[in-house]
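Enquirer: Sequence first, then the predicted structure:
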Amino acid sequence: MNITQKPKYNLLPAGEQILYTVYDANALTNYKVKYIASLYVYEDTGNITLEATLKATPNAAGVGIFDFSPILSSYVSPDYEGGKVRVNTGTNYSQANNTPFNVQYHDIHRIDEFATAKNSIKWYSVIFTMEGSASQVGTISSIGGTTSTSPILFYNGVLYDTDILNKGTGTADIGYNLGYAGFILNGDTDKFLTNSPTKQYLRENDYHTVGFFNNYDSDFTVGGSGATLPAVHKLKIQFYYNGSTTGSLLQMACSEANGGFRTPSSESSTKLIFAGVGIANLTASGLTIPANWDYYTVYARNDNSETISQDYSFYKQEEDCKGFETIRLTWLNKFGVWDYYNFNKKSVRNFNKESVSYEQQSGTWNESVFAMKGYKGGTRNFTNKVSERIQLNTDYITEEEGIWLEELFLSNDVFILEQQSTDNINEGIIRKYMTPVIIDSEEHIRKTLANDRLIQYSISITKSKNRNTHTR
């Protein structure tokens, strides 16, 4: 049996067709033939688990075609929180405010330095076999040969119809070239897992994370040609004030002790890393931030001190001078990690109420005499269902920012993210930083400088959880 078509690369988004075509000559000479695919999904290549068995009838060409994307998509999900560095081994955890996750829970956005993926990336492999009968009335049994795939990584990402696919020369294999697209960190033009502009804005107490593939050396290699290990060794942070550097060049080592990982491992959790690069993350980790700064840059380096990413600049954003409330949204982007944006212009909050009412008797019927009560009787509300809707507005932005914000409009996972607070110990943190919302806007019009001159967007969100009210 031969695999005649497969994904071209070994690092795949789960939200794209993951197609395999298999062929065995026995399919043409036997009856009641079925190709069988045994699908294994696992977190560690040393501990594989059979998750599904699928069968396909040969088509007119005698081949069996399988698409594993609908199944594999259900095995990856967003990473909402920090946790253990290596899911199956090790003793280290991500930290927030220098407190490990096993001591106190924290959202993924609040990590001090690094956190490994828990749900966003997994391994899979497939063993193909065949069953059939030598005659129309014969017993079905195993026939033909067996073939299998090597372990392949799939992540909680999607492709758009505009993402260009690469077809290998002389082969039917197709796939999305993450390296050519610039999302494998091995040079100073490569990007973290985001389509955001490299110039971002945040306040001094805002959280922000970036994601990147790590510890990977297959059809793509992280780290570049000069690296000893196929991994990000550290992130470098430099602050600037009045056009000149200020403070020391800071660094965060992507080590297991800091919540990251950079040595060979068979665990899928080490292949995708989150890094906390917002001011709130940096200060919580204990790094010394200059008293005065206008912006700072973040970039990745390998273990040979070579730069392997673009510079990302984070500019200080003050609260609006007119007193408008700033609302920071975070959303799951197409790569399965998080993007962020501050809506700092006029926002309008609307509260919508749906009431369940009943007719109440106007007196007492269970006492020695009937008594009229002024607070009884008439139509009363049994309960109220109250939802909060917010109309958000951007400042004037660039075309690049506008195109990037289309991913916010398309995302199914959107949250309001609050700023860093120092009263976590006494107050607590559950429901403090993250508020789930849904995007109400049903239309998003792409604006351009040529068409609109000034580009500004408005978007409507509704908090996912209704406000509690008294029930009578």
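Expert: Here it is on my side, so go on.

Enquirer: What's the first helix or strand after the lowest-mean-pLDDT helix or strand in the chain?
Expert: Using mean pLDDT, DSSP states H and E, helix 424-427 stands out as the lowest-scoring helix or strand of the chain, at a mean of 68. On the C-terminal side of helix 424-427, the closest following helix or strand by DSSP states H and E is strand 434-439.

Enquirer: Would you mind listing the buried residues in that following strand?
Expert: Of the residues in strand 434-439, those scored as buried under the neighbour-count criterion (16 or more other CB atoms under 10 Å) are 434-435, 437, 439. Using the backbone N, CA and C atoms, a C-beta is placed for each residue, glycine as well.

Enquirer: residues in contact with V414?
Expert: Neighbour list for V414: 329-332, 408, 436-439, 461 [criterion: CB atoms under 8 Å, 6 or more residues apart in numbering].

Enquirer: So which of those is the closest to S285?
Expert: Proximity to S285 was ranked across these by CB to CB; first place goes to T330, at 19.2 Å.

Enquirer: got the domain boundaries for this protein?
Expert: Each structural domain of the chain that the record assigns through automatic domain parsing is listed here as a residue range: 2-77+121-176, 95-118+180-317, 341-463.

Enquirer: Looking at the second one now, give me its mean pLDDT.
Expert: I take that to be domain 95-118+180-317. Averaged over domain 95-118+180-317, pLDDT sits at 95.

Enquirer: Same check on stretch 54-68?
Expert: Average pLDDT, stretch 54-68: 95.

Enquirer: again, but for stretch 156-170
Expert: The average pLDDT within stretch 156-170 is 91.

Enquirer: end to end, how far does it reach?
Expert: 30 Å (CA to CA, to the nearest Å).

Enquirer: in that stretch, what counts as buried?
Expert: Residues 156-159 are the ones in stretch 156-170 that count as buried (16+ other CB under 10 Å).

Enquirer: do the same with stretch 181-194
Expert: Residues 182-187, 190-194 are the ones in stretch 181-194 that count as buried (16+ other CB under 10 Å).

Enquirer: Now tabulate the residues you listed in JSON lines and tack on secondary structure and distance to E400.
Expert: Output for the buried residues of stretch 181-194, formatted as JSON lines (DSSP: H, G, I helix; E, B strand; the rest coil; distance: CB to CB, whole Å):
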{"residue": "G182", "secondary structure": "coil", "distance to E400": "15"}
{"residue": "F183", "secondary structure": "coil", "distance to E400": "17"}
{"residue": "I184", "secondary structure": "coil", "distance to E400": "22"}
{"residue": "L185", "secondary structure": "coil", "distance to E400": "21"}
{"residue": "N186", "secondary structure": "coil", "distance to E400": "24"}
{"residue": "G187", "secondary structure": "coil", "distance to E400": "21"}
{"residue": "D190", "secondary structure": "coil", "distance to E400": "18"}
{"residue": "K191", "secondary structure": "coil", "distance to E400": "13"}
{"residue": "F192", "secondary structure": "coil", "distance to E400": "16"}
{"residue": "L193", "secondary structure": "coil", "distance to E400": "17"}
{"residue": "T194", "secondary structure": "coil", "distance to E400": "12"}
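
Enquirer: Name the nearest of the residues you listed relative to Y240.
Expert: In terms of CB to CB, no member of those lies closer to Y240 than F192, at 20.0 Å.

Enquirer: residue contacts, that closest one?
Expert: By CB under 8 Å, 6+ apart, the residues touching F192 are 183, 185, 210-212, 300, 309, 312.

Enquirer: For Y201, state which of those residues is nearest.
Expert: Compare each of the contacts of F192 with Y201 using CB to CB and the shortest gap goes to Y312, at 11.9 Å.

Enquirer: Could I get the contacting residues of the closest residue to D339 other than its chain neighbours?
Expert: With CB to CB, 6 or more residues apart in numbering as the measure, N333 is the residue that lies nearest to D339, at 4.6 Å, once sequence neighbours are left out. With contact taken as CB under 8 Å, 6+ apart, N333 is in contact with 193-195, 339, 407, 411.

Enquirer: Do you know the pLDDT at N333?
Expert: N333 is given a pLDDT of 97.

Enquirer: sorry, back to before: closest to T221 among the buried residues of stretch 181-194?
Expert: The closest of the buried residues of stretch 181-194 to T221 turns out to be N186 (CB to CB; 6.2 Å).

Enquirer: wait, doesn't that closest one sit right on T221?
Expert: Yes - with the criterion set as CB atoms under 8 Å, N186 and T221 qualify as a contacting pair; they are 6.2 Å apart.

Enquirer: From N258, how far off is T245?
Expert: Remark: distance between T245 and N258 (CB to CB, to the nearest Å) = 24 Å.

Enquirer: same question, G363
Expert: Following CB to CB, the distance that separates G363 from N258 is 70 Å.

Enquirer: neighbour count winner among the two?
Expert: N258 (21 against 12; other CB atoms under 10 Å).

Enquirer: Find the residue closest to that one in space, skipping its chain neighbours.
Expert: E113 (4.3 Å).

Enquirer: show me what contacts the one you found?
Expert: 94-95, 252, 258-260, 275-276, 281, 285.

Enquirer: what do you get if the cut-off is 6 Å, keeping everything else the same?
Expert: Contact criterion CB atoms under 6 Å, 6 or more residues apart in numbering gives 252, 258-259, 276, 285 as the residues in contact with E113.
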